[in-house]
Every structure is written in structure tokens, then in C-alpha cells.
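Asker: The following block contains a protein sequence and its predicted model.
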Amino acid sequence: MSTTREVAAAAGRAGTGTRFPRFGRAALAAVVLLCGATLFVGFLNKDRCTGPEFDQWGRSAPDYEQRNKAEVCYSDIQHLWIGRDVDRHVFPYVHGSINSKGVLVGGVVEYPVLTGLLIWMGAFFAHTDAAFLLFSALLMAPFGLATGWLLGKLSRWRALIWALGPPVVLYAFHNWDLPVVFFAVAAVYAVHRGWGRRERPLVDRAVVASVLLGIGFAFKIYPAIFVLPLCLYVLTGGPGGRELPAGRRFDLVGAARVALASVLTVVVINLPFAVAGPEGWKASFEFQGLRRVDITTNSIWYWSMRPFMPDATMQSVVSVLSPVGILASFALACWLGWRRYRSEGTYPWVPVSAAMLCGFLLLHKVHSPQYTLWLVPMFVLLRVNWGWVAAYFVADLAMGVGIFRWYYAIEFGQPSGIYDGFSAQAVVIGVWGRAALLVALFLVFLRSRVTFADRRLTRRAPARTAPAQAAPAPAQPTPAQPAPDAD
């Protein structure tokens, strides 16, 4: 290899920081196909609860309520066929509201507007809860596959954590979470790989990522928390500060553009619903605000406080401690990320986003089982030890299976005490195992490196000419200067 090529290759390796094994189209296709197989198994898992008969409302029979818990095949998708006017094909939000008892009526669902639209689309041709589950799965499966494809493009074989992960089997079609996960991962891809054939400025890539996070917010709330670390990444000029404006220490304008892009996206998506049906649009947020901490929320708040205080006191305390704790965890994650930026020169926006997500999952008053899907891409994008991944999956499995077996025991008169069987014990393992792991992962993520490299366009290195005053090259090569290869 010529000296020029050797120098160019060394510069390329230094820029990426890591040499990755080859990962071609066949490997990427294998990841996506395996992801498709896992999604199919996930659908079959939930489909066990459908049919074989249906009542006049299209609800599966017989013994739907008993089977979905005893056989651990419950899904919110199938369950919400009845009770939110989904079965009546009412367009969401526009004609609805929340009544004095806190019940949603008139087609309102307890989710942001794009999830409401997705629910309505999945029910459009359905007349039973089984068909609703099937059509919803068909709408969401492409998002799960696309997530696997993006993670494969970014992190190569590590994407199998998503493609073959038990959470995809348990929760892919438990609720409507696959689209929001896709948009969160797509935002990371937009920042670090861009699009098209030409390289684009960091601010342009981050603005697009912010729009994607805003779209994600319109499905579920959590992608919005990633906007702040993304703004700090742009503020500090990206990798090594290389994309700062000339003569500037911080890019305040670029960071403001990124924040504004997300805000405008959320406004544009929500505005038609807020105008057409303001009461119905507000009702979904009011419902979540009024939701009580109880046995169905699976959070540390219920398990740590309920045995020691009256319910009314617990609700009042949690209504303050939960949001304050979440905001404090966000501030701590951003501050620790800033300290890392001061020592390394690059703000670690993906590790900080992962830590903030841990804080949210730990301290929010609701910790639904399917929220694990939000966390799985972080195990792919960040280089954490496999032991952390396995430990979290085990705790999550205990929760995902134990909670429904425990509900079955409570509802149908079976022994349900902590000493009566493994279901209650599994729930305790799940609640406190996940909590302990989220605390640990908060710190582990903040110290972790990403598993992907920024996109770099290959350019032919220009030939260097010796300065006129330089001494002539020796006639024969010396050990310190290898002879160039013949071309």
C-alpha cells in the first residue's frame, strides 16, 4: 500500500474510533427477517386470547376475562375494543369528553392524537376484537421491522437484542408502542447517519431528528425528553465541537432551531384536533392526570407507600414526588452528561437520553409492562455489558408473566398472598428488580460508549507534494520510510 493510502486509511480509522466487522445487505436482511419472525410469534402470543366465539359486541368468548389473565395473553389492544367506542368506529377526540366520574366518552382514548388515529384505523374494517388485534398488528408490524432495520444499520449484529428480544414477543402487540419506538430510533439515525448522498450540517440533521421526536411525542410522550440532550449536543457543536460556528464557543441559534422544530411539530399535529374538538382533545390529558396510583400501575410508588399510609395521602404525596423526582433525574442526567462533555469534548446525548428514560420509567406513577420496548433500543445503541441486558430481561419477564397470573388469582378467588404462590412473588421480583436495575442503568448508560459511528463520506486523499525547501528523498528507502508500492 502506498504511503498516501496508508495515511488516508489511518485518518479514516481515527475518525471513526473503531473498526467494525463487515455487515452487508445480507446480514441486515437477516436481522430484519429474524425481527419479523419474532413479531409473528408476538402476534400469535396475543392471538391466543381471541375467539373462538364472539358475543353481540364482538368480544371474544367464552371466558375472555378469565383466559386473558390465566393464559397470560392479555393485550390492551384487544381489551380496549370495548369501552372507548372503538367498536363503534367513532372518530377519536372530535366529539368526546371526560365525564364527572373520570370516564372517557365519545371516542376519546387516553393516548396522544396519532395513537388515537392508529387505533381508529385498526378498527375501521373490524367487527370483532380478534379482527381489531389483527389489523392493528398489520399496521404496527412495519414500524417494528423498520426499527430493526435502523438498529442494524447503526449497530450491526447488536440489533439482535431488539430483533430476538423477549420484550418484542411479550409486548409488540400489547399496546400501540412500536411506532413511537421507531421514531425515537429514527431520530438517532438522522443525527448520526443523515440521509441522501451528500453530507449535511449537524444543525440540519438535528432539526430533522427533532421533528421525528415531535412526531413520536404525538404517539406517546417519552420521545420529547430526548429533545433536551439533543439541543445540548448541538449547542456544543457535536463531535469534538467540530461543527460550531466560526469563532463561537456555543451554537445557541442551532440549539434554538432544534428545540423550535420539535415544538412546532407537536403543535401542527395537535392543532387540528384541538380546534375540531377541544374538549375531547383535552380529555386524554386530563385522564392521565387523574389516573390514580393503584395495583394496576406497577410502579414503585404503590408498592413502597400503600402499606404504610391511607390511599388519599398516598395519592397526594405521589402527585408531588413523582413529577419532582422525574425532573430532578433529568437535571442530574444532563449535568453528568455536561461533566463528561467537559472532559471528553463531545456531549453524550444518546447516553444522557437513555439515563433520562431510566429516570422516567423509575419515577413515573405508571410503569406499564410494554414500556420495556422503549428501553430495548438503548441496549442496542449503547455498549453495555450483556449481563445488564439479561438481568433486565429476566426481571421484566417475571413482571410480564407474574402480574397477569396474580390478577387472575385475585379476581377469581385463588390464593394470592406473597406466600401462596409464585405469581405474587414474581410481581415483587419484577417491580423491585426493575427498579434496582433502572437505578444502576442510569449510571451505567451515562458512562457507556455508543455502538455506532457517524457517517463519513469517503473522499480520495489528495497527493501531498514536498515543500520546495525540503531535502531530496534518499535514493533507497530506509527502515523509517517504507518504499511505496508500485501502482
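Answerer: Nice, thanks for sending it over. Numbers count the residues shown, from 1 in each chain.

Asker: from here on, contacts and neighbour counts on C-alpha atoms
Answerer: Fine.

Asker: any idea which helix or strand carries residue 249?
Answerer: Residue 249 is part of no helix or strand when elements are defined by DSSP states H and E.

Asker: isn't it right up against residue 234?
Answerer: No - with contact defined as Cα atoms under 8 Å, residue 249 does not count as touching residue 234 (11.6 Å).

Asker: who has more neighbours, those two?
Answerer: residue 234 (30 against 12; other Cα atoms under 10 Å).

Asker: quick one: pLDDT of the more buried one?
Answerer: Residue 234 carries a pLDDT score of 97 in this model.

Asker: can you check residue 131 too?
Answerer: Residue-level pLDDT assigned to residue 131 equals 97.

Asker: can you pull the buried residues of the host helix or strand of it?
Answerer: Residue 131 is part of helix 129-155 when elements are defined by DSSP H and E. Using 16 or more other Cα atoms under 10 Å as the test for burial, helix 129-155 gives 129-137, 139-155.

Asker: One more: stretch 412-427?
Answerer: 416, 422, 423, 424, 425, 426, 427.

Asker: Give the burial count for the nearest residue to residue 98 once chain neighbours are set aside, as a bare number.
Answerer: Excluding its sequence neighbours, the residue lying closest to residue 98 (Cα to Cα, 6 or more residues apart in numbering) is residue 104, at 4.5 Å. By other Cα under 10 Å, 23 other residues sit near residue 104.

Asker: For residue 104, what are phi and psi?
Answerer: When read as degrees, to the nearest 10, the backbone of residue 104 gives phi -80, psi 130.

Asker: Correct me if wrong: it contacts residue 283.
Answerer: Yes - counting by Cα under 8 Å, residue 283 is a contact partner of residue 104 at 7.2 Å.

Asker: which neighbours do these two share?
Answerer: By Cα atoms under 8 Å, 6 or more residues apart in numbering, residue 104 and residue 283 have these common neighbours: 96, 97, 98, 110.

Asker: does the last one count as helix, strand or coil?
Answerer: Three states are possible here, and by DSSP: H, G, I helix; E, B strand; the rest coil the one that applies to residue 110 is coil.

Asker: I'd say it and residue 288 touch.
Answerer: Yes - applying Cα under 8 Å as the test, residue 110 and residue 288 come out as touching, 6.8 Å apart.

Asker: which of these two has more neighbours?
Answerer: Set residue 110 next to residue 288 and count neighbours by other Cα under 10 Å: residue 110 wins out with 17 against 13.

Asker: how far away is that one from residue 373?
Answerer: Distance, residue 110 to residue 373, using Cα to Cα, to the nearest Å: 19 Å.

Asker: dump the residue contacts of residue 43.
Answerer: Counting by Cα under 8 Å, 6+ apart, residue 43 has contacts 137, 169, 172, 173.

Asker: Turn these into JSON lines, including pLDDT.
Answerer: Formatted as JSON lines, these follow (pLDDT from 0 to 100):
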{"residue": "137", "pLDDT": "98"}
{"residue": "169", "pLDDT": "97"}
{"residue": "172", "pLDDT": "97"}
{"residue": "173", "pLDDT": "98"}
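
Asker: In these, find the pair that's most separated.
Answerer: Using Cα to Cα, the pair of those lying farthest apart is 137 and 169, separated by 12.5 Å.

Asker: So residue 55 sits against residue 61, correct?
Answerer: Yes - using Cα under 8 Å, residue 55 is in contact with residue 61, at 6.6 Å.

Asker: Point out where the protein drops to low pLDDT.
Answerer: 1-22, 456-487 (pLDDT under 70).

Asker: quick one: the strands in it?
Answerer: Ranges of strands in the chain, per DSSP state E, are 53-54, 60-61, 97-98, 104-105.

Asker: Reformat the buried residues of stretch 412-427 as JSON lines; add distance to residue 308.
Answerer: Formatted as JSON lines, the buried residues of stretch 412-427 follow (distance: Cα to Cα, whole Å):
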{"residue": "416", "distance to residue 308": "20"}
{"residue": "422", "distance to residue 308": "24"}
{"residue": "423", "distance to residue 308": "23"}
{"residue": "424", "distance to residue 308": "19"}
{"residue": "425", "distance to residue 308": "20"}
{"residue": "426", "distance to residue 308": "22"}
{"residue": "427", "distance to residue 308": "19"}
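
Asker: Looking at those, which are in helices?
Answerer: Among those, the members found in helices (DSSP state H) are 422, 423, 424, 425, 426, 427.

Asker: Which residue, other than its chain neighbours, is closest to residue 329?
Answerer: residue 359 (5.5 Å).

Asker: and residue 251, how far is that from residue 232?
Answerer: 9 Å.

Asker: So the two - more neighbours on which side?
Answerer: Higher neighbour count among residue 251 and residue 232: residue 232, with 25 against 22, using other Cα under 10 Å.

Asker: I'd say residue 400 and residue 170 touch.
Answerer: Yes - here residue 400 reaches residue 170: they are 7.3 Å apart, a contact under Cα under 8 Å.

Asker: In terms of neighbours, single out the busier of those two.
Answerer: residue 170 (28 against 23).

Asker: list the contacts for that one?
Answerer: For residue 170, the contact set (Cα under 8 Å, 6+ apart) comprises 42, 45, 370, 400.

Asker: in the stretch 51-200 of the chain, which spans are helices?
Answerer: Listed in chain order, the helices of the stretch 51-200 of the chain (DSSP state H, counting those that start in this stretch) span residues 64-70, 76-79, 113-123, 129-155, 160-163, 166-171, 178-193.

Asker: thinking again about what came up before, now for residue 400 and residue 170: what residues contact both?
Answerer: Between them, residue 400 and residue 170 share no contacting residue under Cα under 8 Å, 6+ apart.

Asker: Next, count neighbours for the nearest residue to residue 345 once chain neighbours are set aside.
Answerer: Closest residue in space to residue 345, ignoring its immediate chain neighbours: residue 240 at 4.8 Å, by Cα to Cα, 6+ apart. Residues contacting residue 240 under the criterion other Cα under 10 Å number 13.

Asker: now residue 240: how far from residue 49?
Answerer: Residue 240 sits 53 Å away from residue 49 when distances are taken as Cα to Cα.

Asker: how far out from the middle of the chain is stretch 203-212?
Answerer: Mean-position distance between stretch 203-212 and its chain equals 17 Å (Cα atoms, centre = their mean, to the nearest Å).

Asker: residues in contact with residue 325?
Answerer: When contacts are counted by Cα under 8 Å, 6+ apart, residue 325 touches residue 363.

Asker: distance of it from residue 434?
Answerer: In terms of Cα to Cα, residue 325 sits 17 Å off from residue 434.

Asker: repeat for residue 232
Answerer: As judged by Cα to Cα, residue 232 and residue 434 stand 29 Å apart.

Asker: before we move on, what about residue 351?
Answerer: From residue 351 over to residue 434 (counting by Cα to Cα), the distance is 19 Å.

Asker: Same question for residue 323.
Answerer: Distance, residue 323 to residue 434, using Cα to Cα: 19 Å.
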